[in-house]
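Chemist: got a structure for you, letters missing:
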Ligand code: AMP
């Protein structure tokens, strides 16, 4: 349970409320005015609607893309206007007199969207003055940007020094689902961890050993484990400097009685490309010049058996190069396994969430996180700064 105050705990009537959302939605590569997946906007609507219905003047704030990209939130303003059934103007700036003048014109129930907050480098620097300027636009602050909660930026942490700060409903929902899934799960708890690098997931793997009954390891990171155990992995992804750590994780798992299954067979390619020659090989006997890019049928069957016995499944990271259609079968099949399973399914954002949504299984999952990095840091047991900064209950 979230031990932070939420929007329910404050009277917002006729108050200017600054709401940090995560509208960092994917845009079409050829047409940056088209949103390809609006899940993050849809998930923010509960808080926005609540504030509108309770008479707040709602000032929305978000980043989109990276600082250097200088992307516009115009497509988001358009989508918000459609969803709310009234115009949500995109203001010309984030801070300053012009923005203040626009906000002064607002009446209760109005909603405006500030310009992309990451156009200012001060945002990611959590700059004091910028935070104070941003906070001066409003009387109350609400953070609903779960996807950015692991970042201590001006609009997620800095502003909380100057305004009473509350959690929105999306943050509440995310923490509730992740906390239940990881800390008081219906057992057996099975974690499926994939993705490219062991190094980026060492701490989550280590922490998960304290929580899970079964750990299934796929994706590029599996090969560091396979090589560490003496396997022949061809040109597959491998972090030579992490071999010992990988063995350490396996030993720790034994000590804790956690069952670990690692990729047994792979579809390997003679090139890192969708159209490369593809062979099926044992994951510890991959021919020279070939790299494992997807899990094979035996692995899928073994993973499927564990999922069928699970009470809860947490999945983070693709089990193959899902960007290549010829090597996406493993990842898509895991999405289907979870969709068909009766286990509580928690998808940790990022690439795995994208795979589930693309395959059309969104409605079949119990929780799909809007935050890849944030959900990973939560699973690592880290305190998310954007949440720590909110008022305690
Ligand atoms: P991460 O951000 O660590 O979750 O990694 C996601 C990336 O892992 C995706 O871009 C995948 O293409 C990549 N990936 C998954 N499996 C493999 C593999 N067998 N070889 C190389 N890259 C992989």
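Modeler: Thanks, I have the structure now. Just so you know, these numbers come straight off a predicted model, no measurement behind them.

Chemist: would you mind measuring from the nearest residue to residue 296 once chain neighbours are set aside to residue 282?
Modeler: With CB to CB, 6 or more residues apart in numbering as the criterion, residue 296 has its nearest non-adjacent residue at 3.2 Å, and that residue is residue 265. Yep, even glycine has a C-beta here, placed from its N, CA and C like the rest. Going from residue 265 to residue 282 by CB to CB, to the nearest Å gives 6 Å.

Chemist: what's near enough to touch residue 124?
Modeler: Contact analysis of residue 124 by CB atoms under 8 Å, 6 or more residues apart in numbering lists 67, 118, 151, 153, 154.

Chemist: test my guess that residue 174 contacts residue 372.
Modeler: No: using CB atoms under 8 Å, residue 174 is not in contact with residue 372; the gap is 12.0 Å.

Chemist: so who does the residue nearest to residue 296 touch?
Modeler: By CB under 8 Å, 6+ apart, the residues touching residue 265 are 280, 281, 282, 283, 295, 296, 297, 298, 299.

Chemist: pLDDT score assigned to it?
Modeler: In this model, residue 265 is scored at 98, pLDDT.

Chemist: how much space between it and the ligand?
Modeler: For residue 265, the distance to the ligand equals 13 Å [CB to the nearest ligand atom, to the nearest Å].

Chemist: what residues does the stretch 251-393 of the chain have near the ligand?
Modeler: 292, 293, 317, 318, 320, 321, 322, 323, 350, 351 (CB under 6 Å from any ligand atom).

Chemist: which of those residues fall in helices?
Modeler: Under the assignment DSSP state H, these contribute 350, 351 to helices.

Chemist: flag the least confident of the residues of the stretch 251-393 of the chain next to the ligand.
Modeler: Lowest-confidence member of those: residue 350, scoring 85 (pLDDT).

Chemist: what is the burial count for that one?
Modeler: Look at residue 350: counted by other CB atoms under 10 Å, it has 20 neighbours.

Chemist: quick one: contacts for it?
Modeler: By CB under 8 Å, 6+ apart, residue 350 lies in contact with 316, 317, 372, 373.

Chemist: touching, the first one and residue 348? I think so.
Modeler: Yes: with contacts defined as CB under 8 Å, residue 316 counts as touching residue 348 at a distance of 3.6 Å.

Chemist: joint contacts of those two?
Modeler: Joint contacts of residue 316 and residue 348 (CB under 8 Å, 6+ apart) are 372, 375, 376, 379.

Chemist: surely the last one and residue 348 touch.
Modeler: Yes: shown here, residue 379 and residue 348 form a contact pair, counting by CB under 8 Å, at 7.0 Å.

Chemist: so how far does stretch 231-249 reach from one end to the other?
Modeler: End-to-end span of stretch 231-249 (CA to CA, to the nearest Å): 17 Å.

Chemist: what's in contact with it?
Modeler: Contact with stretch 231-249 is made by 196-199, 202, 205-206, 209, 220-221, 223-229, 266, 268, 283-292, as judged by CB under 8 Å, 6+ apart.

Chemist: cool, and stretch 87-107?
Modeler: Identification of contacts with stretch 87-107 by CB under 8 Å, 6+ apart yields 16, 57, 59-61, 72-74, 76-77, 80-81, 111-117, 119-120, 130, 133-134, 136-137.

Chemist: recalculate using a threshold of 7 Å.
Modeler: Contacts of stretch 87-107 with the rest of the structure, by CB atoms under 7 Å, 6 or more residues apart in numbering, involve 16, 57, 59, 73-74, 77, 80-81, 111-115, 117, 119-120, 130, 133-134, 137.

Chemist: buried among these? Need that as a selection in ChimeraX.
Modeler: Per 16 or more other CB atoms under 10 Å, the buried members of the contacts of stretch 87-107 correspond to this ChimeraX selection:
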select :16,57,59,73,77,80,81,111,112,113,114,115,117,119,120,130,133,134,137
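
Chemist: which ones among the contacts of stretch 87-107 map onto strands?
Modeler: Of the contacts of stretch 87-107, the ones assigned to strands by DSSP state E are 16, 57, 59, 111, 112, 113.

Chemist: state the pLDDT value of the first one.
Modeler: Just to be clear, that refers to residue 16. pLDDT recorded at residue 16 is 98.

Chemist: just use 7 as the starting number from now, easier for me
Modeler: That works, and once the first residue is 7, the last one we named lands at residue 22.

Chemist: isn't it up against residue 64?
Modeler: No: applying CB atoms under 7 Å as the test, residue 22 and residue 64 come out as separate, 8.5 Å apart.

Chemist: what's the farthest-apart pair in the contacts of residue 356?
Modeler: Farthest apart among those by CB to CB are 323 and 379. That separation is 11.8 Å.

Chemist: between those two, which one's more packed in?
Modeler: Ranked by neighbour count (other CB under 10 Å), residue 323 and residue 379 place residue 323 first, with 26 against 17.

Chemist: how close does the closest residue to that one other than its chain neighbours sit to the ligand?
Modeler: Leaving aside its chain neighbours, residue 323 sits nearest to residue 201 (3.1 Å; criterion: CB to CB, 6+ apart). Note on residue 201: its distance to the ligand, by CB to the nearest ligand atom, is 3 Å.

Chemist: please settle this for me: is residue 201 part of a strand?
Modeler: No: counting by DSSP: H, G, I helix; E, B strand; the rest coil, residue 201 is not part of a strand but coil.

Chemist: look up phi and psi at residue 202.
Modeler: Main-chain dihedrals, residue 202, degrees, to the nearest 10: phi -80, psi -50.

Chemist: which residue is the nearest non-sequential neighbour of it?
Modeler: In space, and not counting its chain neighbours, residue 202 is closest to residue 226: 4.4 Å by CB to CB, 6+ apart.

Chemist: that neighbour looks like it's in a strand, true?
Modeler: No: assignment of residue 226 by three-state DSSP gives coil, placing it outside any strand.
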